[in-house]
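A.B. asks: here's my sequence, what's the structure:
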Amino acid sequence: MREDARALLAEARDAYAGDATALSVLDELDRRLAEPLRLALAGMVKAGKSTLLNAMLGEQIAPTDAGECTKVVTWYRYSMTPTITLHLRSGQTRRMPVRRDDGRLVLDLGDTVAEDVSWIDVGWPLDALKSVILIDTPGIASLSASTSARAATFLAPEESASGADAVVYLLRHLHPSDVKFLEAFRDTAAGAAQTICAVGVLSRADEIGSGRIDSLLSAGKVARRYARDSSLASLLLGVIPVAGLLAEGARTLREREYAAFRELAGLERADRERLLVSADRFVRDTALTTLGADERAALLERFGIFGVRLATALIRGGARTSSDLSRELVEQSGLIPLQQFVHDQFRTREATLKVRGVLLGLERLIDERPVAGAVVIRAGIERLSAGAHALRELSLLATARAEGLPLAAPDAAQAVAIIGGDGTPATTRLGLPEDAGAEAVRQRALAQLDHWRRLSDSPLTDRAAVAVCRVVIRSLEAIVSEVPEGGGVGSVADVVTPGGPGDRSGERADEESEHDESALSGEHGKERLAALADRDDL
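C.D. replies: Numbers count the residues shown, from 1 in each chain. All right, here's what the predicted structure looks like:
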């Protein structure tokens with residue numbers, strides 16, 4: 001798929017020979033196609049974007065203070081040596097010194113004001129950045145209109161494709177500004193395909209339960225409610241609760257911090273509870289522990305009161321080393337489900353997201369700068385889009401998420417699974433155990449193919465439902481072709497999914513009881529499915 005897109009860009013380059021502006025756009029599209037997935041973190045001011053980015057990287061790189069650098073879009077990509085490059089709006093670039101303060105990278109703009117900076121490029125020798133480019137964006141709905149505009153211009157520009165392939169959007173409380181931004185990103189990133197490539201994160205999740213040990217359970221309920229909210233259902237693939245500060249602290253845990261937690265865990269129960277009753281009490285002068293007020297304040301800044309309480313509880317429960325504690329804190333923070341979601345839903349379909357972004361950019365170039373060979377290029381765009389079954393899956397999954405499918409409930413649930421709604425491996429699509437053999441996969445796929453072909457051919461199946469059947473049939477045929485008799489089992493397509501890890505059981509049943517997904521909500525959905533049927537050449 002990437003090679004076809006690269007060939008199309010070469011055709012466009014021939015057509016635009018001599019047009020420096022157009023060639024510059026094509027250069028950027030070529031770079032985008034060759035780069036790893038661009039994953040942006042977005043959200044309102046103080047949502048915890050930089051903290052979560054550090055947690056995802058496992059290193060304190062991104063500044064989390066309110067300095068000028070946090071008002072600028074900042075890219076973090078792999079580099080063999082640390083580099084920081086300032087890209088100015090004038091087109092000039094400037095290398096910045098690489099300095100760290102207490103382990104955290106210092107991005108000092110010096111005499112340059114944020115308004116004059118287009119973006120900052122940070123190259124860092126981290127393996128985690130070899131397969132993804134993480135992009136930290138300024139806060140949405142900032143008191144500074146220019147700061148908010150920078151994030152909007154990058155992620156949801158009016159005159160070009162989005163600069164990101166996918167977005168992790170941080171929410172604290174659902175706000176109209178969140179919905180407005182996500183709508184703009186969906187319309188810009190998805191184009192006519194109307195796909196969803198954003199996941200929500202209920203950030204600072206530990207604060208929802210006032211720092212209690214069970215805070216993440218409370219946050220999980222809120223996240224599920226947000227995911228079902230009618231204003232977000234068509235904009236986000238799901239909402240995952242994450243305690244970002246805890247995750248960052250856990251992944252960068254120091255031995256002296258572990259020693260401090262061990263001392264707190266060793267206190268008598270009454271003394272420990274008295275000390276941890278609140279954040280204010282924890283940092284007061286006290287004779288209950290040898291840890292000074294400054295040391296306790298540092299723990300509070302790094303982990304929050306929730307993290308301090310949880311760390312002491314885990315040590316008392318058997319975390320005998322700093323590595324044990326780090327691992328268990330990460331598990332409790334909600335970071336692992338988010339990382340799994342990003343891998344399953346975004347990174348496994350990187351090629352599709354990349355090509356889609358390039359096609360959108362190329363289409364906009366033709367619209368804005370017509371050229372003699374535009375007809376041929378546009379035909380290539382349509383051919384590549386029509387031939388990409390993964391894009392049909394993306395579009396249908398977006399429809400299922402927003403409006404439901406025009407099928408009986410059991411068939412609707414099975415359709416979503418087959419087109420990648422619960423994950424992309426063949427076994428997951430077919431509802432089989434992960435260790436199922438190739439023959440079991442093949443037989444299940446053939447059996448389901450028979451069912452969906454009969455449903456598609458039935459005179460009782462309306463046109464919109466037939467469109468769904470055709471996409472499902474194509475997905476099943478792909479599985480059969482990828483798993484020949486005696487073959488292996490793997491991921492058959494890089495597609496987006498509308499649910500996160502583990503949302504295949506009781507939570508889905510609860511959601512279906514509250515919002516029946518077995519029927520479309522209106523004529524608009526049927527028209528979209530009918531259009532899908534027209535595009536399918538089965």
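A.B. asks: residue 292 - how many residues pack around it?
C.D. replies: 12 (other Cβ atoms under 10 Å). From N, CA and C alone the C-beta is placed, and that goes for glycine too.
A.B. asks: quick one: it from residue 310, how far?
C.D. replies: Per Cβ to Cβ, to the nearest Å, residue 292 is found 22 Å from residue 310.
A.B. asks: which neighbouring elements make contact with the helix or strand hosting residue 355?
C.D. replies: Assigned by DSSP states H and E, residue 355 falls within helix 350-368. Applying 3 or more Cβ pairs under 8 Å, 6 or more residues apart in numbering; DSSP states H and E, we find helix 350-368 packed against helix 2-15, helix 20-34, strand 37-43, helix 374-387, helix 389-402.
A.B. asks: pull the CA atoms of that helix into PDB?
C.D. replies: The C-alpha coordinates for helix 350-368 follow below in PDB (Å, rounded to 0.1, in the frame of the first residue of the first chain):
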ATOM      1  CA  GLU A 350       0.200   2.400  10.600                       C
ATOM      2  CA  ALA A 351       0.400   1.900   6.900                       C
ATOM      3  CA  THR A 352      -3.300   2.600   6.400                       C
ATOM      4  CA  LEU A 353      -3.100   5.800   8.500                       C
ATOM      5  CA  LYS A 354       0.000   7.000   6.700                       C
ATOM      6  CA  VAL A 355      -1.400   6.400   3.300                       C
ATOM      7  CA  ARG A 356      -4.700   8.000   4.200                       C
ATOM      8  CA  GLY A 357      -3.000  11.100   5.400                       C
ATOM      9  CA  VAL A 358      -0.900  11.300   2.200                       C
ATOM     10  CA  LEU A 359      -3.900  10.900   0.000                       C
ATOM     11  CA  LEU A 360      -5.800  13.600   1.800                       C
ATOM     12  CA  GLY A 361      -2.800  15.900   1.500                       C
ATOM     13  CA  LEU A 362      -2.500  15.100  -2.200                       C
ATOM     14  CA  GLU A 363      -6.200  15.700  -2.800                       C
ATOM     15  CA  ARG A 364      -6.000  19.100  -1.200                       C
ATOM     16  CA  LEU A 365      -3.000  20.000  -3.200                       C
ATOM     17  CA  ILE A 366      -4.900  19.300  -6.400                       C
ATOM     18  CA  ASP A 367      -7.900  21.300  -5.300                       C
ATOM     19  CA  GLU A 368      -5.800  24.300  -4.400                       C
END
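A.B. asks: which residues of the stretch 351-500 of the chain score low on pLDDT?
C.D. replies: 484-500 (pLDDT under 70).
A.B. asks: same question, the chain
C.D. replies: Ranges of the chain meeting pLDDT under 70: 66-68, 141-148, 158-160, 189-195, 484-538.
A.B. asks: the strands in it, which residues?
C.D. replies: For the chain, the strands defined by DSSP state E occupy 37-43, 74-78, 83-88, 93-96, 99-101, 104-106, 117-124, 132-136, 166-171, 198-202, 239-241.
A.B. asks: now those as TSV including distance to residue 287 and mean neighbour count?
C.D. replies: Below are those laid out as TSV (distance: least, Cβ to Cβ, whole Å; neighbours: other Cβ atoms under 10 Å):
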stretch	distance to residue 287	mean neighbour count
strand 37-43	42	24
strand 74-78	45	21
strand 83-88	46	17
strand 93-96	47	13
strand 99-101	33	11
strand 104-106	33	18
strand 117-124	44	20
strand 132-136	43	24
strand 166-171	40	26
strand 198-202	39	26
strand 239-241	37	27
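A.B. asks: give me the distance from stretch 323-342 to the chain's centre.
C.D. replies: Relative to the chain's own centre, stretch 323-342 is displaced by 16 Å; criterion: Cα atoms, centre = their mean, to the nearest Å.
A.B. asks: residues in contact with it: which ones?
C.D. replies: Applying Cβ atoms under 8 Å, 6 or more residues apart in numbering, the external contacts of stretch 323-342 come out as 39, 55-56, 132, 166, 168, 199, 201, 205, 216, 219, 237-238, 240-244, 246-247, 249-251, 253, 258, 261, 307, 310-311, 314-315, 318-319, 500-502.
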